[in-house]
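[1] mind folding the following:
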Amino acid sequence: MAALNPELLAILACPACEERPPLEQRGDYLVCAQCRRAYPIRDGIPTLLEEESLPLDSIPNDDAPPPLS
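    Below is the predicted model:
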């Protein structure tokens, strides 16, 4: 996972939300906290198409603690 250029990330907004909230990078996805969609980043290029988005709960969370055994 490579971090997107901060200047690019600062101008990207959620295409699904009317208010166009900013997106946050989480691993290989850009996430909208408002509508809880995750947009994939493929080969360093954000894919900001609603039909390509996933529910936020369905993407891997690298920050989550490991499951209890």
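
[2] what strand or helix carries the spatially most central residue of the chain?
    Centroid-nearest residue in the chain, with CA atoms, centre = their mean: L30, separated by 1.7 Å. Taking DSSP states H and E as the criterion, L30 maps to strand 29-32.

[3] low pLDDT regions in this structure?
    Applying pLDDT under 70 to the chain picks out residues 1, 62-69.

[4] let's see that with 90 instead.
    Within the chain, the segments meeting pLDDT under 90 span 1-3, 60-69.

[5] tell me which strands the strand holding L30 pairs with, and in which orientation.
    Strand pairing for strand 29-32, using DSSP bridges, gives strand 24-26 (antiparallel), strand 37-42 (antiparallel).

[6] please point out which parts of the longest one sit buried.
    Residues 37-41 are the ones in strand 37-42 that count as buried (16 or more other CB atoms under 10 Å). In this view, the C-beta of every residue, glycine as well, is placed from N, C-alpha and C.
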